[in-house]
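Enquirer: no FASTA, just this:
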């Protein structure tokens with residue numbers, strides 16, 4: 001595959017203006033009603049935390065625990081019409097991206113759980 005072109009940020013039409021917030025998220029949840037779609041974008045981070053239990057004069061280490069922190073980065077609310085237009089825009093941009101850089105792999109956890117290839121056999 002050919003090396004993808006590098007687009008300089010100063011020529012990018014959506015370049016960030018000074019003082020404009022920039023957010024990164026690695027999770028999104030969607031809720032809907034007849035009047036709107038609400039998307040909550042989150043940043044989830046995990047860390048191992050170890051602690052020591054003290055009994056009497058001795059401290060004994062305990063197994064480390066996984067600490068997960070989830071912070072809301074942004075919450076967007078759109079009308080159903082805007083959500084559908086956003087879907088079309090995102091779908092077109094993903095198709096363009098994949099035509100330039102190759103297919104974006106999905107992990108089983110994020111793929112459609114109802115798809116036949118993601119169904120688990122039960123005994």
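Expert: Everything's here; your move. Every value quoted in this text rests on a predicted model; they were computed, and no experiment measured them.

Enquirer: show me where this protein has strands.
Expert: Under the criterion DSSP state E, the chain contains strands at 27-32, 37-49, 52-55, 58-61, 65-78.

Enquirer: Lowest average pLDDT across those strands?
Expert: Per-stretch mean pLDDT for the strands of the chain is lowest at strand 52-55 (a mean of 61).

Enquirer: quick one on the thing from earlier: the strands of the chain into TSV, with extra columns for distance to residue 96 and mean neighbour count?
Expert: Placement of C-beta: from N, CA and C, glycine included. Shown next, in TSV, are the strands of the chain (distance: least, C-beta to C-beta, whole Å; neighbours: other C-beta atoms under 10 Å):
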stretch	distance to residue 96	mean neighbour count
strand 27-32	21	11
strand 37-49	22	13
strand 52-55	53	8
strand 58-61	52	9
strand 65-78	22	12
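
Enquirer: Tell me which of those sits nearest to residue 103.
Expert: For those, the distance to residue 103 is smallest for strand 27-32, at 20.8 Å, taking C-beta to C-beta.

Enquirer: Quick one: list the elements packing against that closest one.
Expert: With contacts taken as 3 or more C-beta pairs under 8 Å, 6 or more residues apart in numbering; DSSP states H and E, strand 27-32 sits against strand 37-49.

Enquirer: partners of the strand it packs on in the sheet?
Expert: The strands beside strand 37-49 in its sheet (DSSP bridges) come out as strand 27-32 (antiparallel), strand 65-78 (antiparallel).

Enquirer: Let's have those strands in TSV, adding distance to residue 99.
Expert: Converted to TSV, the strands paired with strand 37-49 look like this (distance: least, C-beta to C-beta, whole Å):
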stretch	distance to residue 99
strand 27-32	24
strand 65-78	27
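
Enquirer: Tell me which of those strands approaches residue 102 most closely.
Expert: Short answer: strand 27-32, nearest of the strands paired with strand 37-49 by C-beta to C-beta, at 23.1 Å.
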